[in-house]
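[1] Sharing a model prediction with you, sequence too.
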Amino acid sequence: MLSKEKRVIIGIDGLSRSGKTTFVNKMRHEVNRIDREILVLHLDDYIVARKERYNTSNEDWYEYYALQWDIHYLRDQLFKKVRVASTLRLQRYDEQSDSHTLEEISIHDAAVIVIEGVFLQRKEWRDYFDYVIYLDCPRRTRFLRESERTQKNLTKFQDRYWKAEDYYLMEQSPMENADVVINSS
């Protein structure tokens, strides 16, 4: 049961196209019904500039897993502060301009804070959550959720996304470490 008096931090983890955003939207509706403030943060809003995550001389999968986000910046500016701060100041990424702007986010003392994203249970972040929900969905189903245009670049999936996902599954065991696992196929 969620305490109505204190902040609760919930992580929604899952691989690409597993249904995290859809799940969070449904969750937001339910939390609003019980009259709690809910703050949703999408990890993809805080990725780094393209030059820091593409063509870095590292393997493609490593760029995606280890360089897509500034892991330590997010640990220090988001995860360490989200439980106690009344305001977060985060560098929000704009895909069109490939740049960042400072975003200020106010947080109510008794808010339910939902952070959703891929690789959320990496060791640098996992301990900051009260609960983690992992959405499990087969690779084939997730791939078919991509646009036809995106599906045509199979090599990118094989070399970048799927290798990183396999690494994450092997290194972090997200299904075993999550508080709840939901099949989202």
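    Here it is on my side, so go on.
[2] Pull the contacting residues for Ala85.
    Residues in contact with Ala85 (C-beta atoms under 8 Å, 6 or more residues apart in numbering) are Ile107. All C-beta atoms are positioned from the backbone trio N, CA, C, and that covers glycine.
[3] which SSE is it in?
    Assigning secondary structure by DSSP states H and E places Ala85 outside every helix and strand.
[4] The one 4 residues further on too?
    When elements are assigned from DSSP H and E, Arg89 belongs to strand 87-94.
[5] Can you name every helix or strand that that strand contacts?
    strand 99-106 (3 or more C-beta pairs under 8 Å, 6 or more residues apart in numbering; DSSP states H and E).
[6] in the strand it packs on, what's buried?
    Residues of strand 99-106 classed as buried by neighbour count (16 or more other C-beta atoms under 10 Å): Ile105.
[7] what comes into contact with the very next helix or strand once past it?
    On the C-terminal side of strand 99-106, the nearest following helix or strand under DSSP H and E is strand 112-117. Here strand 112-117 makes contact (C-beta under 8 Å, 6+ apart) with 2, 7-13, 20-21, 23-24, 27-28, 31, 36-44, 78, 82, 107, 129.
[8] are any of these buried, and which?
    Counted by 16+ other C-beta under 10 Å, the contacts of strand 112-117 give 7-13, 20-21, 23-24, 27, 31, 38-41, 43, 78, 82, 107, 129 as buried.
[9] Please flag which of those sit within strands.
    8-13, 38-41 (DSSP state E).
[10] Quickly note the distance from the most centrally placed residue in the chain to Leu41.
    Geometric centre of the chain, nearest residue: Gly117, 1.3 Å, by C-alpha atoms, centre = their mean. Remark: distance between Gly117 and Leu41 (C-beta to C-beta, to the nearest Å) = 8 Å.
[11] Equivalent analysis for Ile107, please.
    Here the criterion is C-beta to C-beta. By it, Ile107 lies 10 Å from Leu41.
[12] just the helices in the chain please.
    Under the criterion DSSP state H, the chain contains helices at 20-33, 60-62, 71-74, 139-144, 148-151, 154-156, 162-172, 174-177.
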